[in-house]
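the following comprises the amino acid sequence and a computationally predicted model.
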Amino acid sequence: MPHKIILIGASTGGPGRLHTILENLPHNFDATIIIAQHMISHFIPSFVKQLSSITPLEVKGVFDGMEILPSSVYICSGECQLIEKRGGIQFVHNDPSSLLYSPDVNTLFLSVAKLSGSIQKMGIILTGIGDDGALGSKALFEAGGRCMFESEESAAVYGMPRCAIELVPQADVGSMPQIIQAIRRFGENRV
């Protein structure tokens, strides 16, 4: 079971930032990364393939019942939640047509906030339109997770980070280099 989980929520302008983050991670990165990038499900397989080509970590698209592993990257589509089951952590995934955002960042973050307190959690909100991720970040922070949001100067679109900062003013705010540094530090393999 992973002992460190990093959640990343993004929308407009996010794919380039995700490329930059993943290409700057070392091969011995020890955390699990779960990405909710607003994107039509049809494009997820090619996005997984693109990201796989730039990082030493294994990148996978999510399916229902999939168990998460350390040092892996998961790309969500539709509605993704995590639950603890049989000593591990699994995805509950479905593709409802009623979601305002797909994948839904709030749904993902809220589910991780409920996981065991022994799991270290970090939530990142990058550039994007709207308020997706704000409520989930608040729940994650209140459950003892660390939150970091992209700064206004750095974000291509400041909607999602701004809404998250309004709900979690105690969170860290930073530029992309600062976010990458925080992710690397959080995911360092200290063994």
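Received the coordinates, thanks.

which residues does Y74 form beta bridges with?
I34, K60 (DSSP bridges).

run a quick neighbour tally on it.
25 (other C-beta atoms under 10 Å). From N, CA and C alone the C-beta is placed, and that goes for glycine too.

can you check I34 too?
26.

so that it lines up with my notes, have the first residue be 36 from now on.
Understood, numbering begins at 36; the last thing we discussed is I69.

look up the closest residue to G180, ignoring the ones flanking it.
Distances taken as C-beta to C-beta, 6 or more residues apart in numbering put K156 closest to G180, at 3.5 Å, once the chain neighbours are dropped.

can I take it that that neighbour is in a helix?
No. Secondary structure of K156 (DSSP: H, G, I helix; E, B strand; the rest coil): strand, not part of a helix.

quick check: it touching L150?
Yes. Using C-beta atoms under 8 Å, K156 is in contact with L150, at 7.3 Å.

tell me where the chain has strands.
Assigned by DSSP state E, the chain shows strands spanning 39-45, 67-72, 93-96, 107-110, 114-120, 123-129, 155-160, 181-185, 207-209.

reformat those as JSON lines; add mean pLDDT and distance to G222.
As requested, the strands of the chain are exported to JSON lines (pLDDT from 0 to 100; distance: least, C-beta to C-beta, whole Å):
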{"stretch": "strand 39-45", "mean pLDDT": "98", "distance to G222": "6"}
{"stretch": "strand 67-72", "mean pLDDT": "98", "distance to G222": "8"}
{"stretch": "strand 93-96", "mean pLDDT": "97", "distance to G222": "14"}
{"stretch": "strand 107-110", "mean pLDDT": "98", "distance to G222": "11"}
{"stretch": "strand 114-120", "mean pLDDT": "94", "distance to G222": "17"}
{"stretch": "strand 123-129", "mean pLDDT": "93", "distance to G222": "16"}
{"stretch": "strand 155-160", "mean pLDDT": "98", "distance to G222": "9"}
{"stretch": "strand 181-185", "mean pLDDT": "98", "distance to G222": "12"}
{"stretch": "strand 207-209", "mean pLDDT": "98", "distance to G222": "16"}
